[in-house]
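[1] Predicted model follows, preceded by the sequence.
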Amino acid sequence: MITEKISKEQALSGWINGFIGVLLFSGSMPATKLAVMDMSPIFVTIARAGIAGVLALGVLLVYKEKRPAKNQIFPLILVSIGCVIGFPLLSALALQYLTSAHSIVFLGMLPLATAIFGVFRGGERPHPVFWFFSIVGSLLVIGYAVAQGISASPIGDILMLVAVILCGMGYAEGAKLSKTLGGWQVISWALVLSLPLMIPLFFIYFPDNIQDVTVNGWFGLAYISLFSMFIGFIFWYKGLAQGGITTVGQLQLLQPFFGLALAAYFLHEQVSMGMLGVTVGVILCVAGTKKFAK
């Protein structure tokens, strides 16, 4: 009875931490949009990784965490490539061509990308229905992007698609590694590994017109540096480790809804019925892939 009670408590804690992580991630695209309106996407990417990396290094030193084992370095590098550099940079570049509301539609594919990388990395053999939902979900997003025609940017769509793929890889690697290294330690070490590159680039790409950056721009950079790049991952990876990757991972399905609501409220961007329809369709497809993933 005691073991079962602890198990239920851990599962509930996993859901709560995972929900907080998703809620914090949901503000990433609107906040990034605010930042790139005043600063270059490259500098925004470097700054968010550098700020979060210094914070992560401080936390690791305070808690006197042991260094990762040699066999954990490569997965950490993949997490860094996917979540610290790849997704932030490509999504920031995409937001030069797209509204944050449009880009959020692509986040509906993120749980699918994570599941696919989890399948290949974990060696699982999903049911054939898994691939049916996978293809339909991808076609919904691609079809929506093509249907926008002149009003949208093919460059922005491609950048977001690649960004989602890299982020899915980083999520899958981080979730797998969190079982042995620990939830918050994964993103902390991934950020620290990027610091030798980010610190010199920070000064190289430091904007000349820094005095022209608005309060909204600074707010956007602060949010993605603290919450999207570090604090959100602490809750997210902890939730995955406590409640399980497959079950807690389903909470990602809520991210597009939260993101669209934030984009409409803070940026006053139009959320069309098409965006909502495609987002709902993709969520249903991702739910199908989750069911038949194992």
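    Good, I have the coordinates.

[2] Now tell me which helix or strand of this structure has the poorest mean pLDDT.
    The weakest-scoring helix or strand in the chain, judged by mean pLDDT, DSSP states H and E, is helix 245-248 (a mean of 68).

[3] Quick one: the strands in the stretch 101-250 of the chain, in order.
    Counting by DSSP state E, counting those that start in this stretch, one finds no strands in the stretch 101-250 of the chain.

[4] Report the residue spans of it with pLDDT below the cut-off.
    By pLDDT under 70, the low-scoring segments of the stretch 101-250 of the chain are 122-125, 145-146, 148-152, 245-247, 250.

[5] What's the local residue count around the closest residue in space to Gly118 that isn't next to it in sequence?
    Leaving aside its chain neighbours, Gly118 sits nearest to Ala172 (4.6 Å; criterion: C-beta to C-beta, 6 or more residues apart in numbering). Placement of C-beta: from N, CA and C, glycine included. Ala172 has 26 neighbouring residues, counting by other C-beta atoms under 10 Å.

[6] Put the alpha carbons of the helix or strand harbouring Gly14 into PDB.
    Gly14 is part of helix 2-25, with elements assigned from DSSP states H and E. What follows is helix 2-25 as a C-alpha-only set of coordinates in PDB (Å, rounded to 0.1, in the frame of the first residue of the first chain):
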ATOM      1  CA  ILE A   2       2.800   2.400   0.800                       C
ATOM      2  CA  THR A   3       4.600   1.700  -2.500                       C
ATOM      3  CA  GLU A   4       1.400   2.200  -4.500                       C
ATOM      4  CA  LYS A   5       0.700   5.500  -2.600                       C
ATOM      5  CA  ILE A   6       4.200   6.800  -3.400                       C
ATOM      6  CA  SER A   7       3.800   5.800  -7.000                       C
ATOM      7  CA  LYS A   8       0.600   7.700  -7.400                       C
ATOM      8  CA  GLU A   9       2.100  10.700  -5.700                       C
ATOM      9  CA  GLN A  10       5.000  10.600  -8.100                       C
ATOM     10  CA  ALA A  11       2.700  10.300 -11.100                       C
ATOM     11  CA  LEU A  12       0.600  13.300  -9.900                       C
ATOM     12  CA  SER A  13       3.800  15.300  -9.300                       C
ATOM     13  CA  GLY A  14       5.000  14.300 -12.800                       C
ATOM     14  CA  TRP A  15       1.800  15.600 -14.400                       C
ATOM     15  CA  ILE A  16       1.900  18.900 -12.400                       C
ATOM     16  CA  ASN A  17       5.600  19.500 -13.200                       C
ATOM     17  CA  GLY A  18       5.000  18.600 -16.900                       C
ATOM     18  CA  PHE A  19       2.000  21.000 -17.100                       C
ATOM     19  CA  ILE A  20       4.000  23.800 -15.600                       C
ATOM     20  CA  GLY A  21       6.800  23.200 -18.100                       C
ATOM     21  CA  VAL A  22       4.300  23.200 -21.100                       C
ATOM     22  CA  LEU A  23       2.700  26.400 -19.800                       C
ATOM     23  CA  LEU A  24       6.100  28.100 -19.600                       C
ATOM     24  CA  PHE A  25       7.100  26.800 -23.100                       C
END
